[in-house]
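A.B. asks: Have a look at this fold, sequence not included:
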């Protein structure tokens with residue numbers, strides 16, 4: 001996972017919970033995938049989310065809530081398919097938040113909460 005781009009942590013563990021900051025489509029080497037397809041951006045964000053979960057000592061099955069910020073609601077069906085494959089049987093509470101734009105022109109960002 002790339003270093004945070006600002007004054008924050010990717011994940012903070014407190015009181016048995018992992019609070020995961022908004023994850024963007026940036027590779028572990030720091031490459032910004034802002035010109036990549038939505039599908040590639042979504043897959044990278046989920047890789048980053050899984051890496052943050054593992055860093056906190058937890059896993060996908062322990063997700064409690066996921067919030068997805070997306071710049072074009074028309075991408076939602078594709079995201080839902082990619083997410084369902086990634087999450088498998090995990091069914092955390094989830095919200096989609098349409099936004100006009102995200103940092104660096106990214107198409108989505110995900111933040112989450114999980115049990116540790």
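C.D. replies: Everything's here; your move. What you are looking at is a predicted structure, and each value in this text was computed from that prediction instead of being measured. Residues are numbered from 1 along each chain as shown.
A.B. asks: mind checking how far the residue nearest to residue 103 when sequence neighbours are not counted is from residue 101?
C.D. replies: Leaving aside its sequence neighbours, residue 103 sits nearest to residue 24 (C-beta to C-beta, 6 or more residues apart in numbering; 6.9 Å). For the C-beta atoms, the positions are set from N, CA and C on the backbone; glycine is no exception. Using C-beta to C-beta, to the nearest Å, residue 24 is found at 13 Å from residue 101.
A.B. asks: who's more crowded, these two?
C.D. replies: residue 24 (23 against 10; other C-beta atoms under 10 Å).
A.B. asks: my guess is that one contacts residue 107, does it?
C.D. replies: No: if you go by C-beta atoms under 8 Å, residue 24 and residue 107 don't touch, sitting 9.8 Å apart.
A.B. asks: Residue 23 touches residue 52, doesn't it?
C.D. replies: Yes: Residue 23 lies in contact with residue 52 (C-beta under 8 Å); the separation is 6.5 Å.
A.B. asks: Need the overlap of contacts for those two.
C.D. replies: Residues touching both residue 23 and residue 52 (C-beta atoms under 8 Å, 6 or more residues apart in numbering) are residue 10.
A.B. asks: What is the burial count for residue 33?
C.D. replies: Neighbour count for residue 33, taken as other C-beta under 10 Å: 19.
A.B. asks: State the distance from it to residue 41.
C.D. replies: Per C-beta to C-beta, residue 33 is found 5 Å from residue 41.
A.B. asks: Mutual contacts of these two, please.
C.D. replies: 25, 106.
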